[in-house]
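1. requesting a structural model of the entry that follows:
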Amino acid sequence: MEFSVEITQAALADAEGYVCFIRDDRQDPVAAEQWWNGLVDQILSLETLPRRCSIIPEQKYFGQEMRHLIYASHRIVFRIDESTVTVLRIYHGARKPLKAIDR
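-> Residues are numbered from 1 along each chain as shown. Take a look at the predicted model:
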């Protein structure tokens, strides 16, 4: 079964923020582009078998099942609704655990 993938504004802002960090703070536009392209590939991989990904450890804080896909130093946090995968956040692994307010 193929799933459609949607990305929330919050997740897009997370990704754009990290790209800006790599490009501007680290002064590495090539690495920023590579990270972005890899992220897009990982997100699109959720079109097929998104349930292969683990349920998030913080699941007890949420009423709906949420999963994550690890990409480099980030967690792509998403939920599955029927035939749609919604990417909720792109969360750096060094951050504190995800909370309901972060959705």
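
2. what comes up buried for the top helix by length along the chain?
-> Across the chain, the longest stretch assigned as helix under DSSP state H is helix 29-44. By 16 or more other Cβ atoms under 10 Å, the buried positions in helix 29-44 come out as A32, W35, W36, L39, Q42, I43. For the C-beta atoms, the positions are set from N, CA and C on the backbone; glycine is no exception.

3. can you tell me how far the fourth one sits from E16?
-> Translated: L39. Distance of L39 to E16, computed by Cβ to Cβ, to the nearest Å: 10 Å.

4. coming back round to it: what is the mean pLDDT for the longest helix of the chain?
-> Mean pLDDT, computed over helix 29-44, is 97.

5. distance between it and the chain's centre?
-> From the chain centre to the centre of helix 29-44 is a distance of 12 Å (Cα atoms, centre = their mean, to the nearest Å).

6. quick one, strands of the protein?
-> Taking DSSP state E as the criterion, the chain contains strands spanning 4-7, 54-55, 67-71, 74-81, 84-92.

7. convert the C-alpha atoms of the longest one to CSV, please.
-> Output in CSV follows, covering the C-alpha atoms of strand 84-92 (Å, rounded to 0.1, in the frame of the first residue of the first chain):
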residue,chain,number,x,y,z
THR,A,84,-1.6,9.4,5.0
VAL,A,85,1.6,9.9,6.8
THR,A,86,1.9,13.3,8.5
VAL,A,87,5.3,14.5,9.5
LEU,A,88,4.8,16.5,12.7
ARG,A,89,8.3,17.5,13.7
ILE,A,90,11.9,17.0,12.6
TYR,A,91,13.6,16.9,16.0
HIS,A,92,17.3,17.0,16.8
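
8. nice, that's everything, thank you.
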